[in-house]
Structures are given as structure tokens and as C-alpha cells.
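[1] let me see the structure of the following:
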Amino acid sequence: QVQLVESGGGLVQAGGSLRLSCTASGRSFSRNVMGWFRQAPGKEREFVAARSWVGDSTFYADSVKGRFTISRDYAKSTVYLRMNSLKPEDTAVYYCAARRDFLSQITRNVDDYDYWGQGTQVTVSS
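    This is a model prediction of the structure:
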């Protein structure tokens, strides 16, 4: 059974930092795209960042570019999201996601991701 388990969310003041972790189990994702999405109350789930094994390439939403960094520890089957200079508008439930097919491309489309974690709450106070 495939599982993605997030951790690291919490309450932080504006300007602060958090690091989210997502550990995969049940199969290897070492050759798959893994990424992060978020969903604020009353809004649709939106793409945040993703990282591909192919060329170790990364892609970020414009709203987080320069502030967030996605990284992976392939040995630990873990993907991280380092979030700096947090803003109140970053408040959301953050979800880890993975694409099923090997060597698939990075995409920002929610429907292209096959596996999801349960989410972790990030709250940024002003």
C-alpha cells in the first residue's frame, strides 16, 4: 500500500520559516515526479513546487519562487519543502503528491498526480 506522510507544519509568524517533510512508503518514487500542493479555506488546491528525477529539475509556482525550495533525499524516499519569508497568504493545508509513472514530466495539474498525503496545516500569523 502506497503512503505519503507529511510532517512539519505548524504556526509561524510572518517572515518566519518552516520545513515540511514527506516520506513515501509502499513503492519507490526515486524515478517519479514528487511535489507539493496547498489548499486554503474556500479555495481550490494549487500547485506549489515539484521536483523530477530526470535532470533533478525543479519547478515552482510564481507566488513562492525565491522563497520556497523543494529538495529530495532519494535514499530516505523523502521530499522536503523549505519555506522562508512566509506570508499570511501562505496559510493553507499543504499536501505532498507523486506521479505514478516513471520519468513523467513535471506538471502543475492536480489531476496528473496519483498519490497524495493527508496534508499538514501551515498557519502564518501577521
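
[2] show the contacting residues for residue 46.
    Counting by Cβ atoms under 8 Å, 6 or more residues apart in numbering, residue 46 touches 37, 38, 39, 61. Just so you know, the C-beta spots here come from the backbone N, C-alpha and C atoms, and that holds for glycine as well.

[3] how much space separates the last one from residue 50?
    By that I understand residue 61. 10 Å (Cβ to Cβ, to the nearest Å).

[4] so between those two, which is more surrounded?
    Counted by other Cβ atoms under 10 Å, residue 61 and residue 50 do not tie: residue 50 has more neighbours, with 26 against 16.

[5] thought the more buried one was touching residue 58?
    Yes. Proximity of residue 50 to residue 58 meets the contact threshold set by Cβ atoms under 8 Å, at 7.1 Å.

[6] shared neighbours, the two?
    With Cβ under 8 Å, 6+ apart, residue 50 and residue 58 have common neighbours 70, 106.

[7] in strands only, show me the contacts of residue 46.
    Using DSSP state E, the subset of those located in strands is 37, 38, 39.

[8] out of these, who's nearest residue 14?
    residue 38 (16.5 Å; Cβ to Cβ).

[9] residue contacts, the closest one?
    45, 46, 48, 90, 92, 93, 94, 95, 122.

[10] just residue 28 next, same as before
    residue 77.

[11] going forward can the numbers begin at 18, since that is how I track them
    Let's use 18 as the start, then, which means that last one is residue 45.

[12] can you tell me how far it is from residue 105?
    On the measure of Cβ to Cβ, residue 45 and residue 105 end up 37 Å apart.
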